[in-house]
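Asker: Pasting the sequence and the predicted model now:
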Amino acid sequence: MSKDQAREAVANDNTDAAPRQEPEAVAQPAPPPATAPTPAAMPRWKMPLYIASSMLFFLTQGLGMNLVSANIYQLQGSFSATVAEVSWLSAAYMAPYASFAIALFKIRTQYGLRRFAEFSIICFVLASILNLLVTDLHSAIAIRAISGMAAAPLSTIGFLYMLEAFPPAKKLSLGLSLALTNTLISAPLARIISPALLDFGGWNALYSFEMGLALIALPVIYLLPVTVPPRANVIQRTDIFSYLLLATGFGCLAVFLTLGRLYWWFETPWLGVLLAVTIGAMTLLFIVEAPRKNPMFDFRWLFSGPNMRMAGLLLLFRFVSSEQSTTAASFYQQLGLLNDQTVSLYAVVLAAAIVGGLFCSLLMLTRYVETAHAIALVLIAAGAWLDSQSTSMTRPADMYFSQALVAAGAGMFLPPIMSKGFGAVLTKGATYVVNFLVIFLFTQSIGALFASAVLGTFVTMREKFHSNILVERILLSDPVVAQRVSQLSGAYGKVISDKSLLNAEGLSLLAQQVTREAYILAYNDAFFVIFLASLTGLVILLLHRAFDRLMTLRSAAAPQPAP
């Protein structure tokens, strides 16, 4: 998922500006002006170049991540593998990607932004070239893990270029909102361009396109430099061990959540081993970090009340936004719709996400920015409720409006949270940026996988429930059922002369239809659960705002102490 680097990218950019406005926001005293001069205002003609460069970096990273997830079923033939086996490609990508942003922040701070950017883009180009050398599924999984590490810094660079185009006063408002809008366009765009690429050359065509984008992005790093923040020695030996523990925990959890539903949670022993390693690594991390004077992860601050409320909002966003990213996409596949049949739908989704992001950008410049959350939840709830009325006759054109509502809501939800949360982190100092990244990465990267796993498991269980109810009412003694079996088996009447075999074929086709209808009812239940979650979040949000308003009025009305 590219949002995972959002906090880290804003952190990097604001590390540039913070020493001039908030001296306490840096780990070490700010260097003299000769070392870190205040950058001059950017000429207006350069702003579109930096914005376009940001879009290029986001597309390069986002398409590399989404082209595989959007074509899991289509890649089965390329690798002669099952869905579960091909899903290892996504698991291998997410395992390092889930935590790499934390290491990148410290590496960039200590060794310099320029070296970081140049090395990152070269690594991504090399990883793209390696994808073209894939010969089987095992080599593809290994290279996807390398791609996950190489892609992690690229979205960070995309954020830096977007924020570079705006003055400091607008970086955490307009710049941040536009950057997050860019993170939304890769997923629908991947499904729009995938059919043509697969028809052209399969797996190699997908990653030839990714390599082409990487080669276009390569010279941008050298032609359009960004403001270089002051360097500082922030890496300690214990930090390396702590990060390895965190990476192990997050990586094992990412694989567990990605593959658990496919191999089923209680039927595969190695899934339990992954979960045990996750718990052990995170427990050991707490033991190592708790007694340190300058910990890499401040668990007392991480589990404070404001941070837990912010984490709850971020998890809510990941859960309700999965209505479109995973649940709706799986619903189309259950209906037998391939990517080439949903191109127009995802074009609508892409346009709606851009409109929602631009509208949120306007709200970020006003005093009504807090209303973005409420509007977003209303839009997602409305879209999910409309989708919960789907039938086996539903087609992409029937879901244009509902999916547009969800996409617009997703584009409006995240920027206000990130802007407010990161602004508060900067007031505490740059050392807390790493801690903030832990919250954000867990809720967005791991949270997205958790939402997908929960909803996928829910759909599987509800399908069994609906299937049992439907099967109970299907009796061959029922004339309607017997007529339907006869109709379904009639297509094979010219090639199968045995009446018992012909009848069995009709029953098999009827069972397939029953399973399809049961799945449609299960997906409707999932859409309705997302609708309820959105409404619940909206009610809690409004009550919290009302309480804060009441406390503000009471404080204003309270008598002031005499001087």
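Answerer: Perfect, I can see it now.

Asker: Against residue 360, how distant is the nearest residue to residue 224 once chain neighbours are set aside?
Answerer: Using CB to CB, 6 or more residues apart in numbering and skipping residues adjacent in sequence, the residue nearest residue 224 is residue 53, 5.7 Å away. Backbone N, C-alpha and C define where each C-beta goes, glycine included. Distance, residue 53 to residue 360, by CB to CB, to the nearest Å: 22 Å.

Asker: how about low-confidence regions in the stretch 51-200 of the chain?
Answerer: Where the stretch 51-200 of the chain drops to pLDDT under 70, the residues are 110-114.

Asker: got a list of what the residue nearest to residue 514 when sequence neighbours are not counted touches?
Answerer: Nearest non-adjacent residue to residue 514, counting by CB to CB, 6+ apart: residue 470, 5.1 Å away. Counting by CB atoms under 8 Å, 6 or more residues apart in numbering, residue 470 touches 514, 517, 518.

Asker: Could you identify which of these has the most neighbours?
Answerer: Among those, residue 518 has the most neighbours (other CB atoms under 10 Å), with 20 neighbours.

Asker: Would you enumerate the residues in contact with it?
Answerer: Applying CB under 8 Å, 6+ apart, we find residue 518 in contact with 463, 464, 466, 467, 470.

Asker: same thing but at 10 Å, please
Answerer: 462, 463, 464, 465, 466, 467, 468, 469, 470, 471 (CB atoms under 10 Å, 6 or more residues apart in numbering).

Asker: residue contacts, the last one?
Answerer: The reference is to residue 471. Applying CB under 10 Å, 6+ apart, one finds that residue 471 lies in contact with 511, 514, 515, 518.

Asker: sorry, back to before: between residue 53 and residue 360, which one's more packed in?
Answerer: Ranked by neighbour count (other CB under 10 Å), residue 53 and residue 360 place residue 360 first, with 26 against 23.

Asker: surely the more buried one meets residue 417?
Answerer: No: judged on CB atoms under 10 Å, residue 360 makes no contact with residue 417 at a distance of 11.2 Å.

Asker: need the helices for the stretch 101-250 of the chain, in chain order.
Answerer: 113-131, 137-164, 168-170, 176-184, 186-223, 237-263 (DSSP state H, counting those that start in this stretch).

Asker: buried stuff in the shortest one?
Answerer: Pointing back at helix 168-170 there. For helix 168-170, the buried set under the neighbour-count rule, 16 or more other CB atoms under 10 Å, comprises 168, 170.

Asker: packing partners for that helix?
Answerer: Where contact means 3 or more CB pairs under 10 Å, 6 or more residues apart in numbering; DSSP states H and E, helix 168-170 is packed against helix 6-21, helix 176-184.

Asker: Buried residues of the shortest one, list them for me.
Answerer: For helix 176-184, a neighbour-count test (16+ other CB under 10 Å) marks 176, 177, 178, 179, 180, 181, 182, 183, 184 as buried.

Asker: got the contact list for the second one?
Answerer: For residue 177, the contacting residues are 162, 170, 357-365, 369, 372, 411-412, 414-416, 418-419, by CB under 10 Å, 6+ apart.

Asker: The residues you listed in helices, which ones?
Answerer: Among the contacts of residue 177, the ones falling in helices (DSSP state H) are 162, 170, 357-364, 372, 411-412, 414-416, 418-419.

Asker: right, and out of the contacts of residue 518, which lies closest to residue 306?
Answerer: Ranked by distance to residue 306 (CB to CB), the contacts of residue 518 are led by residue 462 at 36.3 Å.

Asker: how close does the closest one sit to residue 524?
Answerer: 9 Å.

Asker: cool, residue 168 as well?
Answerer: 48 Å.

Asker: same question, residue 202
Answerer: Using CB to CB, we find residue 202 at a distance of 34 Å from residue 524.

Asker: ok, the two, which is more surrounded?
Answerer: Set residue 202 next to residue 524 and count neighbours by other CB under 10 Å: residue 524 wins out with 20 against 15.

Asker: residues in contact with that one?
Answerer: By CB under 10 Å, 6+ apart, the contact set of residue 524 is 331, 387, 388, 389, 390, 391, 394, 459, 462, 466.

Asker: buried subset of the residues you listed?
Answerer: 331, 387, 388, 390, 394, 459, 462, 466.

Asker: Check the chain for its longest helix and report it.
Answerer: Every helix in the chain considered (DSSP H), the longest is helix 499-557.

Asker: How far off centre is that helix?
Answerer: Once both centres are worked out by CA atoms, centre = their mean, to the nearest Å, helix 499-557 turns out to sit 20 Å from its chain's centre.

Asker: what pLDDT, on average, does that helix get?
Answerer: Regarding helix 499-557, the rounded mean pLDDT is 82.

Asker: Contact partners for the nearest residue to residue 401 once chain neighbours are set aside?
Answerer: Distances taken as CB to CB, 6+ apart place residue 386 nearest to residue 401, at 7.0 Å, with adjacent residues excluded. Applying CB under 10 Å, 6+ apart to residue 386 gives the contacts 398, 399, 401, 402, 403, 405, 406, 527, 531.

Asker: Tabulate the residues you listed in TSV, adding columns for distance to residue 115 and secondary structure.
Answerer: Listed next are those as TSV, based on distance: CB to CB, whole Å; DSSP: H, G, I helix; E, B strand; the rest coil:
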residue	distance to residue 115	secondary structure
398	52	helix
399	47	helix
401	48	helix
402	47	helix
403	42	helix
405	44	helix
406	41	helix
527	47	helix
531	48	helix
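
Asker: quick one, whichever strand or helix holds residue 466 and helix 499-557 angle?
Answerer: If you go by DSSP states H and E, residue 466 is part of helix 447-472. Helix 447-472 and helix 499-557 are oriented at 140 degrees to each other (axes from the mean of the first three to the mean of the last three CA atoms, to 10 degrees).

Asker: Show me what the helix or strand following helix 447-472 packs onto, helices and strands only.
Answerer: Using DSSP H and E, the next helix or strand after helix 447-472 towards the C-terminus is helix 479-489. Packing partners of helix 479-489 (3+ CB pairs under 10 Å, 6+ apart): helix 499-557.

Asker: Residue 473 and residue 481 touch, don't they?
Answerer: Yes: using CB under 10 Å, residue 473 is in contact with residue 481, at 8.6 Å.

Asker: which one of the two has more residues nearby?
Answerer: Taking neighbours as other CB under 10 Å, residue 473 and residue 481 compare with residue 481 leading, 15 against 9.

Asker: quick one, what contacts that one?
Answerer: Taking CB under 10 Å, 6+ apart as the criterion, residue 481 is in contact with 473, 474, 475, 507, 510.

Asker: repeat that for 6 Å
Answerer: Residue 481 makes contact with residue 474, according to CB atoms under 6 Å, 6 or more residues apart in numbering.

Asker: State the distance from it to residue 506.
Answerer: Remark: distance between residue 481 and residue 506 (CB to CB) = 10 Å.

Asker: next one: residue 319
Answerer: As judged by CB to CB, residue 319 and residue 506 stand 42 Å apart.

Asker: so how far does stretch 127-146 reach from one end to the other?
Answerer: End-to-end distance for stretch 127-146, by CA to CA, to the nearest Å: 7 Å.

Asker: Just the buried residues of that stretch, please?
Answerer: So, applying 16+ other CB under 10 Å, buried residues of stretch 127-146: 127-131, 134, 137, 140-141, 143-146.

Asker: how far does that stretch sit from the chain's center?
Answerer: Relative to its parent chain, stretch 127-146 has a centroid offset of 22 Å by CA atoms, centre = their mean.

Asker: ok, now stretch 158-173?
Answerer: Relative to the chain's own centre, stretch 158-173 is displaced by 21 Å; criterion: CA atoms, centre = their mean.

Asker: Before I go, just wanted to say thanks for your time.
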